[in-house]
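# what's the 3D shape of this:
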Amino acid sequence: MGARSLQVTVQPRVLVWARETAGMSVGDVAKRLKANEDSLAKWEDGRGRPTIVQLRKLARIYKRPLAAFFLPAPPDEPALPKDFRTLSPQNRKPFSFETRLAIRRARRLQSLAKELTEELEGGGIAGMPPLSLQDAPETAAAKIREYLGIDLYTQFAWQSEKEAFGKWETALEKRGLITFQLPFPFEEARAFSLADERFPAVVLNLRDSTTGRIFSLFHELAHLLLNEVGICDIGDASILSPEEARVETYCNRLAADILVPEDALLNQPSVASVAGPSEWEDPPLADLARLFKVSKEVILRRLLSFGRTTEAFYERKRAEWQEKAKERARRKGGRKLPPARHCVRENGVAFVSLVLSAYQRGDVSCADVVDYLGIRLKYIPAVEQLAGRAY
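Modelled structure (predicted):
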């Protein structure tokens, strides 16, 4: 018997765990493995064994190290984040493999951040006390802006949505948040948060628009401050359970209050001149969106909150914009970023800086840096330059 056909002994429960945590059916895996379903079923119930070649293929399919398949039992892993998605029941399908992989990767990076700074004390989001649903969101929003040190004049002076995102992200990372931007299906979720006493994390969907990621950044910050973390699509919370709906509504409101304070919006000439509910043309909405560096939907939602438009008009425009957002996410690709910029964007400046600092101290090797950041060694100097420039 050749080495390629050598059968290996694997605990059936480990095979089931690897498949189920990938969100795949036996049929899905058999198709990708180019094997029949019966063979895979036999491996999983102990009536058969895969060859070493087949096991390596399974490792690639599940994105697990080969060594994981030789564990005596499935490892303990945290459950998936709480599902705050506002999809209708018929559309709320189990998370795809891509989304599960993003969650798994973010948790690994969060765990690595703690390992890299074991000797350091402190952590968490400095200066931001926990919130409760009884706290007035406008008051909490004003305090958060004060903690971040960003006033309206600064916000209005930013030249683009991209600059605004970078400034907000940097301000939050300096306060102890770590952020990641990873690709996962836009129709499933727009962002999620992962709690931790030392390194709370927000994970944003790279397929979302820049303004969408800005809003999600603060929506997920609200989840962390409420200690109600989960995975969100930031839609209409009315189909959720009453408690979940309260949390999502509060997080939406807090994010909106931070990004578009009431007085700042109502004092804009185009808004002050409108006495009651109106149907807005796109140009003034676009002007306000550019000023605050948010989406037109956020502006219109705020106008609805302050009696400057109607529920029917808002819902009509929202449906129109959402369809365009889904189409944009499906098309999203464009030109590829240089490897160093891609690395810093996905991993976040805070995490990248932790890895580079550990490397400079001699706590991790070159191979570790390559593994943690997912980038070739020759690009590390460019990554260092980009990370240093951000702060």
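# For residue 194, which non-adjacent residue is closest in space?
Nearest residue to residue 194, sequence neighbours excluded (CB to CB, 6 or more residues apart in numbering): residue 201, at 4.4 Å. (C-beta placed from N, C-alpha, C; glycine too.)
# Next, count neighbours for the one you found.
Residue crowding around residue 201 was assessed by other CB atoms under 10 Å; the count is 24.
# I'd say it and residue 181 touch.
No. Using CB atoms under 8 Å, residue 201 is not in contact with residue 181; the gap is 11.5 Å.
# Please tell me how far stretch 106-118 is from the chain's geometric centre.
When distances are taken as CA atoms, centre = their mean, to the nearest Å, stretch 106-118 is centred 16 Å away from the chain's centroid.
# same question, stretch 132-139
24 Å.
# Okay, now the unreliable bits of this structure?
Applying pLDDT under 70 to the chain flags residues 1-4, 87-91, 119-124, 126, 332-335, 390-391.
# how does it divide into domains?
In terms of domains, the chain is parsed into 3-70, 97-331, 339-390 (source: automatic domain parsing).
# need these in a markdown table with distance to residue 76, can you?
As requested, those are arranged in a markdown table below (distance: least, CB to CB, whole Å):
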| stretch | distance to residue 76 |
| --- | --- |
| domain 3-70 | 10 |
| domain 97-331 | 13 |
| domain 339-390 | 23 |
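# For residue 82, find the nearest of the ones you listed.
Distances from residue 82 to each of those were compared using CB to CB; the shortest belongs to domain 97-331, at 3.5 Å.
# Could you tell me how many residues sit around residue 105?
If you count neighbours by other CB under 10 Å, residue 105 ends up with 18.
# where's residue 64 relative to residue 71, distance?
Remark: distance between residue 64 and residue 71 (CB to CB, to the nearest Å) = 10 Å.
# more crowded one of the two?
residue 64 (17 against 14).
# Could you pull up the contacting residues of that one?
residue 18 (CB atoms under 8 Å, 6 or more residues apart in numbering).
# now residue 337
Listed by CB under 8 Å, 6+ apart, the contact partners of residue 337 are residue 345.
# Could you do residue 189 as well?
Residues in contact with residue 189 (CB under 8 Å, 6+ apart) are 85, 95, 99, 205, 231, 232, 233.
# Please apply the same query to residue 82.
When contacts are taken as CB under 8 Å, 6+ apart, residue 82 is in contact with 228, 229, 230, 231.
# how many neighbours does the second one have?
Just to be clear, that refers to residue 229. Neighbour count of residue 229, defined by other CB under 10 Å: 20.
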